[in-house]
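K.L.:
I'd like to go over a predicted model; first the sequence, then the structure.
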Amino acid sequence: MVKFFLYLLRWQLSTPILWLVVRNLGSGILSTILANLIGGTIFFWIDKYIFTSKAIEMWHFKEKGICDNCGKEAPLWRLVLAPGYDKRNAEAKYLCFDCSKKKTDELRRRGIPIRGRSK
Ligand SMILES: [Zn+2]
């Protein structure tokens, strides 16, 4: 939470400069501060997401279970987290090796950089 306020403060640093610019266009200092608060609030979470999701890949693994795709009993994998892919709050779907490979190939085609399965 401290980081959040530091971040908002960082956004406020541009306020005096911005105000000098927009003053002539009829915008007040309050609306400029408000604009930066809104900007900071939005970008804090976007930046946080970008910074924390970079190169992070999380897999869940089951020694044995039923594949949610083909119904085969096998060791199962589930990709939970990758850059631009977040299923932490989604319904847990576990896939066998073959189905998991098809899924990751499909995600790679969509531009999600998946390194590979890990236990
Ligand atoms: Zn399967």
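P.N.:
Thanks, I have the structure now. Numbers count the residues shown, from 1 in each chain.
K.L.:
Spell out which parts of this protein neighbour the ion.
P.N.:
Applying Cβ under 5 Å from the ion, one finds that the chain approaches the ion through 67, 69-70, 96, 99. (Each C-beta comes from the backbone N, C-alpha and C, glycine too.)
K.L.:
the helices in the chain, which residues?
P.N.:
Counting by DSSP state H, the chain has helices at residues 2-12, 15-23, 29-53, 97-109.
K.L.:
average pLDDT for the first one?
P.N.:
It refers to helix 2-12. For helix 2-12, mean pLDDT is 72.
K.L.:
same for it, what does it pack against?
P.N.:
helix 29-53 (3 or more Cβ pairs under 8 Å, 6 or more residues apart in numbering; DSSP states H and E).
K.L.:
in the helix it packs on, what counts as buried?
P.N.:
By neighbour count on 16 or more other Cβ atoms under 10 Å, the buried set for helix 29-53 is 32, 36, 40, 44.
K.L.:
I'd say the first one and residue 12 touch.
P.N.:
No. Contact criterion Cβ atoms under 8 Å: residue 32 and residue 12 do not qualify, at 9.7 Å.
K.L.:
before we move on, back to that, now which of the residues of the chain next to the ion would you call buried?
P.N.:
Using 16+ other Cβ under 10 Å, the buried members of those are 67, 69, 96, 99.
K.L.:
nearest spatial neighbour of the first one, skipping sequence neighbours?
P.N.:
Using Cβ to Cβ, 6 or more residues apart in numbering and skipping residues adjacent in sequence, the residue nearest residue 67 is residue 96, 3.9 Å away.
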